[in-house]
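Enquirer: Fold the stuff below for me.
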Amino acid sequence: IYSHELGILRRPYRTQHASTRPPNTSHISGCLEACKRFFEYLLSLPESSYKNFTVVEWGSTVLAILILSRLTFLMAATLGWDADTTRSNIPMAMYLDCLCYRFHELSSTSSDDTTPPKNPDVLYVFKMVLGSVKKSYERRVAKIEPGFFAIDHGTVVGVARGHCPMHDPT
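Expert: Prediction:
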């Protein structure tokens with residue numbers, strides 16, 4: 001509900017015009033608070049409850065990660081944040097680290113770093129995917145600078161390539 005205006009399910013990505021009007025800062029702030037509450041709730045659950053997650057709950061977790069990723073770059077552009085300010089206001093890397101640690105602890109798959117396991121469980125796979133997402137996210141957040149959106153007469157007309165994984169179709 002909160003992420004509807006972010007256009008998370010819009011396809012294909014709009015590469016020529018990122019938005020026809022400036023984002024509503026109170027709306028995106030509300031969306032950020034809702035995302036933070038979701039992750040705080042997710043991390044407050046007992047570790048054993050992750051093993052009983054349904055497909056819908058796993059899907060909600062993935063969607064929340066996508067929304068928070070997209071929101072990170074939108075808020076940084078709208079509010080003129082740099083990389084350090086973005087990291088301090090949006091603790092996505094910490095959320096991903098915590099989830100990776102919990103999934104590692106719960107996984108029945110041995111984590112021998114030299115060879116990939118033959119039949120990993122879902123928690124091991126999810127931990128590996130989230131680890132990869134975190135690396136990519138951190139690399140892209142490090143590139144954030146004030147003004148990384150192209151703005152023409154107060155309207156966002158394009159996104160600087162290589163910054164936002166949701167807006168950069170390459």
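Enquirer: center of this structure - which residue?
Expert: For the chain, the residue nearest the mean C-alpha position is Ser69 (2.7 Å; C-alpha atoms, centre = their mean).
Enquirer: and the closest residue to Tyr50 other than its chain neighbours, what does it touch?
Expert: Once flanking residues are discounted, Tyr50 sits nearest to Leu106: 6.0 Å by C-beta to C-beta, 6 or more residues apart in numbering. In short, each C-beta sits where N, CA and C put it, glycine included. By C-beta atoms under 8 Å, 6 or more residues apart in numbering, Leu106 lies in contact with 47-48, 50-51, 123.
Enquirer: now swap in Val129 and tell me
Expert: No residues are in contact with Val129 under the rule C-beta under 8 Å, 6+ apart.
Enquirer: hang on, it in a helix?
Expert: Yes. Counting by DSSP: H, G, I helix; E, B strand; the rest coil, Val129 is found in a helix.
Enquirer: distance of it from Ala76?
Expert: 24 Å (C-beta to C-beta, to the nearest Å).
Enquirer: longest helix of the chain?
Expert: As assigned by DSSP state H, the longest helix anywhere in the chain is helix 55-79.
Enquirer: What's the mean pLDDT across that one?
Expert: Per-residue pLDDT values across helix 55-79 average out to 87.
Enquirer: what does stretch 41-50 give?
Expert: Taken as a whole, stretch 41-50 carries a mean pLDDT of 93.
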